[in-house]
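Participant: could you work out the structure for the sequence below:
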Amino acid sequence: MADISQPTPLPGAVPEQPSYAHPVAAFFLFFFKAAAVFIYIFCGWFKTDFVINFCTITFLLVCDFWTVKNVSGRLMVGLRWWNEVSETGGSDWKFESLQEGQRAVNKKDSFVFWTLLYATPAVWCVLGFIAILKLNIDYLLLVVIAALLSGANLLGYLKCSKAAQNQIKGRFNSLFASGLRAYMFSGRS
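Facilitator: Numbers count the residues shown, from 1 in each chain. Presented below is the predicted three-dimensional model:
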C-alpha cells in the first residue's frame, strides 16, 4: 500500500523552502529591539518617570545586545564574536564561525538576522535626529546608548563574517596550492 501522507513532488518542481530553523531565536532577536523602540516612542503617553523609562529601555537594549551577540548570531548565522583586552591594554577581536561540514545556515534565518542587524542602528539614528530636532536631550542619551550597542553588534558581526570568509578563502587557496604541488611533483614525465 502506498504512503499518501507525503505527496510526491512533480518532476521539475522547485522544492519548498524550509521554514525558520530557529524561530525562538528569531522571535527574541525581534522582540527586544521592537520593545525598546516601542517603549522609547510611546513612553510620553504613559505617566511614568524618566528614570523608569530610561531603566526599562536600557534593560531591553542590554538584553538585545546579549541575545544578538551570544545566542541569535550563533544559531541563525553560525557566527560569534567577542572582544578581549590584552595585557598591554589593546583590544583583541575574537571570532567563531561554523566549520565546513557543520550544519548549514538557514537562508530565512540569515535574512532576518542581517536585516535586523543593519536596520536597528539606522532606526536609532533616525530617532536620535528627531530627539535633536525636538531638543529632547534627556532621551538623546538613550538613543546614543542604543546606537552604540546595536552598532557594536553590527561591527562585530561584519568583522566576524569577513574573518570567516577569509578563513574559507585561505583553506581553499592552501588546498589548491597543495593539490597543484602534488600534481607538479608527482613524477609524471
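Participant: number of nearby residues for residue 121?
Facilitator: Neighbour count for residue 121, taken as other CB atoms under 10 Å: 19. In this view, the C-beta of every residue, glycine as well, is placed from N, C-alpha and C.
Participant: quick check: it touching residue 148?
Facilitator: No: using CB atoms under 8 Å as the test, residue 121 is too far from residue 148 to be in contact (9.0 Å).
Participant: which parts of the protein are helices?
Facilitator: Along the chain, counting by DSSP state H, helices occupy 23-42, 50-67, 107-133, 137-184.
Participant: in this protein, what helix or strand scores lowest on average pLDDT?
Facilitator: helix 137-184 (a mean of 73; mean pLDDT, DSSP states H and E).
Participant: now residue 122: how far from residue 116?
Facilitator: Distance of residue 122 to residue 116, computed by CB to CB, to the nearest Å: 11 Å.
Participant: neighbour count: these two, which is higher?
Facilitator: Shown here are residue 122 and residue 116; by other CB under 10 Å, residue 116 has more neighbours (21 against 12).
Participant: what sits against the residue lying closest to the more buried one once chain neighbours are set aside?
Facilitator: Nearest non-adjacent residue to residue 116, counting by CB to CB, 6 or more residues apart in numbering: residue 29, 5.9 Å away. Contacts for residue 29 (CB atoms under 8 Å, 6 or more residues apart in numbering) come out as 67-68, 72, 76, 112-113, 116.
Participant: what do you get if the cut-off is 7 Å, keeping everything else the same?
Facilitator: By CB atoms under 7 Å, 6 or more residues apart in numbering, the residues touching residue 29 are 67-68, 72, 113, 116.
Participant: out of those residues, which is most surrounded?
Facilitator: Going by other CB under 10 Å, residue 72 tops the contacts of residue 29 with 29 neighbours.
Participant: what's the closest non-adjacent residue to it?
Facilitator: residue 29 (4.4 Å).
Participant: now do residue 113
Facilitator: residue 76 (4.3 Å).
Participant: quick one, what contacts the one you found?
Facilitator: Taking CB under 7 Å, 6+ apart, one finds 22, 25-26, 109-110, 113 in contact with residue 76.
Participant: buried ones among those residues?
Facilitator: The neighbour-count test (16 or more other CB atoms under 10 Å) marks 22, 25-26, 109, 113 as buried among these.
Participant: so which of those is the closest to residue 38?
Facilitator: residue 26 (17.8 Å; CB to CB).
Participant: that closest one contacts residue 19, doesn't it?
Facilitator: No: shown here, residue 26 and residue 19 do not form a contact pair, counting by CB atoms under 7 Å, at 10.5 Å.
Participant: residue 73 against residue 157, yeah?
Facilitator: Yes: contact criterion CB under 7 Å: residue 73 and residue 157 qualify, at 6.0 Å.
Participant: sorry, back to before: most widely separated two among the contacts of residue 76?
Facilitator: Greatest spacing in the contacts of residue 76, by CB to CB: 25 and 110 (11.9 Å).
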